[in-house]
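[1] Sharing a model that was predicted from the sequence below.
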Amino acid sequence: MVIQLDDVSLMRDGKWILKDITWKINKGEHWALLGLNGAGKTALLHMLSAYYFPTKGNVTVLQKRFGKDPLGEDLRKRIGIVSSTLQERIYGEDSAYQVVLSGAFASIGLYQTPTDDMRQKAQQLLKELGCFEYANRSYSTLSQGERQRVLIGRALMADPEFLILDEPTIGLDFIAREQLLEAISRIANHTNPASILYVTHHVEEVLPCFQHTLLLKAGNVFASGMTEELLTNDMLTDFFKVPVNVEWKKGRPFLTKI
Ligand SMILES: Nc1ncnc2c1ncn2[C@@H]1O[C@H](COP(=O)(O)OP(=O)(O)OP(=O)(O)O)[C@@H](O)[C@H]1O
Ligand SMILES: [Mg+2]
């Protein structure tokens, strides 16, 4: 089991941001988390990565029960995260290669000497993610799409058991987005992949590798289950409160407003 949430609620500044969330991700499952702006997606991710503590309910992440087991850096090292908050914290003068390497130490910036194995692994990840040609360029000179791929490489450096991608396609053009989605598909189809949680507003980004989906609305689980059974015209019309039509192409759902 990767995560288990039982009746979890979160209050911030007197407001319920998450309400009665019950959710389980089993090992090897990849999930998409869909929700509109303000649904509580990022708050939920902060909880899964042990930065927020639930106001009510039980959270267990990678066998660590919040409030019972020590969490801290050990747990965070087992979780890889790519988010806009992380993107802003990376030092612009570091090269793409250094940024990927820093993932081995879960640090922002590189302060320890990497081993040969680490160097080899970073190079392999840069190749796999299609970043090798700009490996020695400084992070600040990279485009948004290039940065996202480098950050995914950084997250994979520590062999995480759980990989969280919070809206990784933000600001990407059509081609960069599709390339990034292809790279994510490849990672998801590795023989021993981390469980991936892919967070987005965009239904068409739910790739075939995300066999499970959770729909989050106003801090509540609107629905969750097998992606293909869940993302129907009726369900999404109800979810968005606008009539929509879902068309599946190459295993991906595309949405049009009727
Ligand atoms: N510390 C906080 N104090 C008060 N309200 C907060 C706090 N953090 C988040 N919120 C509110 O909780 C709600 C959920 O926020 P969250 O960032 O999780 O949404 P989201 O689903 O990630 O949205 P987006 O798609 O825009 O990123 C929002 O209304 C937000 O303003
Ligand atoms: Mg968010």
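    Okay, I see it. Numbering: from 1, shown residues only. Ligands and ions are numbered 1, 2, ... in the order given.
[2] the strands in the stretch 151-258 of the chain, which residues?
    With strands called from DSSP state E, counting those that start in this stretch, the stretch 151-258 of the chain shows them at 162-166, 195-200, 212-217, 220-226, 244-249, 252-257.
[3] Out of those strands, which is closest to ligand 2?
    strand 162-166 (6.3 Å; C-beta to the ion). Every residue, glycine included, has its C-beta placed from N, CA and C.
[4] do the closest one and ligand 1 meet?
    No. Figure legend: strand 162-166 not in contact with ligand 1 (C-beta under 6 Å from any ligand atom); closest approach 7.6 Å.
[5] and that strand, what does it pack onto?
    Judged by 3 or more C-beta pairs under 8 Å, 6 or more residues apart in numbering; DSSP states H and E, strand 162-166 is in contact with helix 41-48, strand 79-82, helix 144-156, strand 195-200.
[6] 7 Å instead, please
    helix 41-48, strand 79-82, strand 195-200 (3 or more C-beta pairs under 7 Å, 6 or more residues apart in numbering; DSSP states H and E).
[7] And the ones you listed: which comes nearest Ser140?
    Comparison of the helices and strands packed on strand 162-166 against Ser140 by C-beta to C-beta identifies strand 79-82 as nearest, at 17.7 Å.
[8] That closest one - contacts with which helices or strands?
    helix 144-156, strand 162-166.
[9] can I get those in CSV with distance to ligand 2 and mean pLDDT?
    CSV is the format used below for the helices and strands packed on strand 79-82 (distance: least, C-beta to the ion, whole Å; pLDDT from 0 to 100):
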stretch, distance to ligand 2, mean pLDDT
helix 144-156, 15, 93
strand 162-166, 6, 96
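[10] and the strands of the stretch 151-258 of the chain as CSV, adding distance to Ser185 and mean neighbour count?
    Formatted as CSV, those follow (distance: least, C-beta to C-beta, whole Å; neighbours: other C-beta atoms under 10 Å):
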stretch, distance to Ser185, mean neighbour count
strand 162-166, 12, 23
strand 195-200, 10, 23
strand 212-217, 16, 22
strand 220-226, 18, 16
strand 244-249, 15, 13
strand 252-257, 10, 14
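[11] just how off-centre is the lowest-mean-pLDDT helix or strand in the chain within its chain?
    Lowest by mean pLDDT, DSSP states H and E among the helices and strands of the chain is helix 72-77, with a mean of 80. On the basis of C-alpha atoms, centre = their mean, to the nearest Å, helix 72-77 sits 17 Å off its chain's mean C-alpha point.
[12] Which positions within that helix qualify as buried?
    75-77 (16 or more other C-beta atoms under 10 Å).
[13] Equivalent analysis for stretch 55-65, please.
    For stretch 55-65, burial by neighbour count (16+ other C-beta under 10 Å) applies to 57, 59-62, 64.
[14] Quick one: check it for contact with ligand 1.
    No. Remark: stretch 55-65 sits outside contact range of ligand 1, by C-beta under 6 Å from any ligand atom, the gap being at least 12.1 Å.
[15] Output that stretch in CSV, but only the C-alpha positions, please.
    Written as CSV, here are the backbone C-alpha positions of stretch 55-65 (Å, rounded to 0.1, in the frame of the first residue of the first chain):
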residue,chain,number,x,y,z
THR,A,55,-7.2,18.0,11.4
LYS,A,56,-9.3,14.8,11.5
GLY,A,57,-8.9,11.3,10.3
ASN,A,58,-6.0,8.9,9.7
VAL,A,59,-3.3,9.2,7.0
THR,A,60,-0.8,6.5,6.3
VAL,A,61,1.9,7.1,3.6
LEU,A,62,4.4,4.3,2.7
GLN,A,63,3.5,2.4,5.9
LYS,A,64,4.1,5.5,8.1
ARG,A,65,1.0,6.4,10.1
